[in-house]
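In: below are the sequence and a predicted model; questions follow.
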Amino acid sequence: MRRSWWLAVLLGGSGLASALPVQGPLAGTRAQPWGTAPLAFVQDPVPLPLSPGGIALAEAYAGVRRQLAAAKTDQGRFDAALRALEKWDGDVRRQGYTSLFRDERAAAWALAAAGLTNAAQTLARRCVEDHELTVLDDLYKYAYWALKDPQFNGYFKKETQARIRAEAEACGTFELRMTSSLGVTYPADEYNLTDDDASAEVHAAVTFTLPVLPEQTPAPWGAAPVDYGFYRTAFGEGCARSVAFDLSDLQLIRFERPELMALTKQGARLDWDLTIDTGEPTEHVEAECADGSHGTSWMSFWAGLFAFFHKDEQSAGPLAGEHRFTLSTWQPGENGAFLQAKYRRSGAYPSAAIGHAEEDTTFSVVHTPRPLPSASGS
């Protein structure tokens with residue numbers, strides 16, 4: 001379909017033609033650009049009249065383009081401008097004017113891509129520099145559009161897509177920290193020894209990043225850095241003890257990214273399931289006593305007590321496992337934490353006649369964004 005003189009007057013004559021070079025899958029070539037001698041390019045002197053709907057679309061394009069141009073440098077205007085473009089573009093396609101408005105559509109989507117890039121960069125700075133987690137959901141939405149939305153296909157350089165993704169994931173980086181103090185008090189036994197008490201305190205931390213693409217899975221904890229303290233009187237008085245503790249099996253198994261995203265919104269409910277696998281870490285205790293005796297012990301003291309206190313959180317379904325636990329009781333964090341799950345529990349262990357156990361465990365999710373990547377593409 002050839003452009004009519006109506007469209008030339010409405011677009012070229014009013015100076016509303018595309019100022020941007022045409023890019024992307026809608027790009028085409030023409031003998032003369034819009035906006036220069038608007039009637040000179042009409043090759044056929046017989047006009048091809050537009051319907052009233054087509055004329056309305058040409059007029060509406062002017063407003064859409066103004067909104068997109070403003071959103072190119074103003075993140076706060078981007079969503080409204082994009083909605084206006086999607087409505088206008090949908091009307092163009094429904095009324096069968098895709099060929100006639102080919103270049104205008106291409107220029108509009110190129111402007112939208114520029115606006116999306118600016119919006120993503122603005123939100124990333126606010127998230128990384130000011131810890132504004134309320135922008136995380138929108139930032140990831142923009143990054144996903146830049147990577148996967150077919151409407152934007154062809155309007156981003158690969159370098160720009162990679163930078164937007166890296167900026168989003170720099171913002172969406174957190175650290176899961178665990179501090180767990182478990183202890184048991186035993187009564188004096190039949191040999192009339194002093195109370196045989198045992199306690200363990202474990203500190204572990206792992207960094208994880210929310211993936212932009214849902215098909216990605218978070219990396220496991222791997223070997224979590226551990227600071228471990230243990231004391232047990234089983235070897236009697238006058239014995240010096242050294243403890244080696246292996247917690248390298250502790251893993252972050254799975255969490256739901258959409259649920260965590262929702263928690264970043266103000267006023268959101270704190271519903272989030274995080275599954276961990278403690279493995280079966282062991283304590284290797286060596287004792288050298290004043291009388292020259294030597295003792296060695298291997299035990300799973302912390303793992304056993306943690307499983308005892310968290311039997312109600314043991315995972316079910318496809319994530320079920322002997323050492324897997326799903327944590328769902330979260331609350332707003334304190335002391336810089338975004339979320340926290342606290343467990344203060346006590347009970348007879350393993351029975352009232354044998355001992356009394358106590359737990360003080362806190363899981364904290366702390367926002368620890370990475371530095372933003374330097375700009376290298378456009």
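Out: Nice, thanks for sending it over.
In: low-scoring stretches of the chain, by residue?
Out: Counting by pLDDT under 70, the chain has low-confidence residues at 1-50, 187-197, 214-259, 266-269, 280-287, 295-299, 351-353, 375-378.
In: which residues of it fall in helices?
Out: 5-7, 52-71, 78-94, 102-130, 136-148, 158-171, 257-263, 301-309 (DSSP state H).
In: can I get the ones you listed in a markdown table with mean neighbour count?
Out: (Each C-beta comes from the backbone N, C-alpha and C, glycine too.) Formatted as a markdown table, the entries for the helices of the chain read as follows, by neighbours: other CB atoms under 10 Å:
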| stretch | mean neighbour count |
| --- | --- |
| helix 5-7 | 21 |
| helix 52-71 | 18 |
| helix 78-94 | 17 |
| helix 102-130 | 22 |
| helix 136-148 | 21 |
| helix 158-171 | 20 |
| helix 257-263 | 17 |
| helix 301-309 | 20 |
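In: let me have those helices in TSV, extended by distance to Arg345.
Out: Conversion of those to TSV gives the following (distance: least, CB to CB, whole Å):
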stretch	distance to Arg345
helix 5-7	74
helix 52-71	52
helix 78-94	46
helix 102-130	36
helix 136-148	32
helix 158-171	35
helix 257-263	24
helix 301-309	5
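In: who wins for proximity to Thr361 among those helices?
Out: Of all the helices of the chain, helix 301-309 sits nearest to Thr361, with 7.5 Å by CB to CB.
In: which elements pack onto the closest one?
Out: With contacts defined as 3 or more CB pairs under 8 Å, 6 or more residues apart in numbering; DSSP states H and E, the packing partners of helix 301-309 are strand 173-185, strand 198-209, strand 339-348, strand 356-367.
In: one more time with 10 Å, if that's ok
Out: Using 3 or more CB pairs under 10 Å, 6 or more residues apart in numbering; DSSP states H and E as the contact definition, the elements that helix 301-309 packs against are strand 173-185, strand 198-209, strand 226-232, strand 283-289, strand 324-329, strand 339-348, strand 356-367.
In: rewinding a little: between the helices of the chain, which one is closest to Ile276.
Out: For the helices of the chain, distance to Ile276 was read as CB to CB. The smallest value, 9.9 Å, belongs to helix 301-309.
In: now that closest one against strand 339-348, angle please.
Out: For helix 301-309 against strand 339-348, the angle between stretch directions is 90 degrees (axes from the mean of the first three to the mean of the last three CA atoms, to 10 degrees).
In: convert helix 301-309 to PDB, retaining C-alpha atoms only.
Out: Presented in PDB, the C-alpha positions along helix 301-309 are these (Å, rounded to 0.1, in the frame of the first residue of the first chain):
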ATOM      1  CA  PHE A 301      25.800 -33.000  67.300                       C
ATOM      2  CA  TRP A 302      24.600 -29.900  65.500                       C
ATOM      3  CA  ALA A 303      23.000 -31.700  62.700                       C
ATOM      4  CA  GLY A 304      21.100 -34.000  65.000                       C
ATOM      5  CA  LEU A 305      19.800 -31.200  67.200                       C
ATOM      6  CA  PHE A 306      18.800 -29.100  64.300                       C
ATOM      7  CA  ALA A 307      16.800 -32.000  62.800                       C
ATOM      8  CA  PHE A 308      15.200 -32.500  66.200                       C
ATOM      9  CA  PHE A 309      14.000 -28.900  66.500                       C
END
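In: just to revisit the earlier point, in a markdown table: the helices and strands packed on helix 301-309, plus mean neighbour count.
Out: Putting these into a markdown table (neighbours: other CB under 10 Å) gives the following:
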| stretch | mean neighbour count |
| --- | --- |
| strand 173-185 | 19 |
| strand 198-209 | 19 |
| strand 226-232 | 15 |
| strand 283-289 | 17 |
| strand 324-329 | 17 |
| strand 339-348 | 15 |
| strand 356-367 | 19 |
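In: who are the contact partners of the closest residue to Ala114 other than its chain neighbours?
Out: Spatially, and ignoring its direct neighbours in sequence, Ala114 is nearest to Lys72 (4.8 Å; CB to CB, 6 or more residues apart in numbering). For Lys72, the residues meeting the contact criterion (CB atoms under 10 Å, 6 or more residues apart in numbering) are Leu20, Phe78, Ala81, Leu111, Ala112, Ala113, Ala114, Gly115, Leu116, Thr117, Asn118, Ala119.
In: 8 Å instead?
Out: When contacts are counted by CB atoms under 8 Å, 6 or more residues apart in numbering, Lys72 touches Leu111, Ala114, Gly115, Asn118.
In: nearest to Thr362, of the helices of the chain?
Out: Closest to Thr362 of the helices of the chain, according to CB to CB: helix 301-309, at 13.0 Å.
In: how big is the angle separating the closest one from strand 173-185?
Out: With the same axes, to 10 degrees applied, the angle from helix 301-309 to strand 173-185 works out at 90 degrees.
In: before we move on, the earlier item: out of the helices of the chain, nearest to Arg324?
Out: In this view, those are compared for proximity to Arg324 by CB to CB, and helix 301-309 is the closest at 10.2 Å.
In: walk me through the domains of this protein.
Out: For the chain, the structural domains run 5-169, 172-367, going by automatic domain parsing.
In: and the end-to-end length of the last one?
Out: The separation between the terminal residues of domain 172-367, taken as CA to CA, to the nearest Å, is 8 Å.
In: and the contacts of Lys72, which two are furthest apart?
Out: Greatest spatial distance among the contacts of Lys72 (CB to CB): Leu111 and Asn118, at 10.7 Å.
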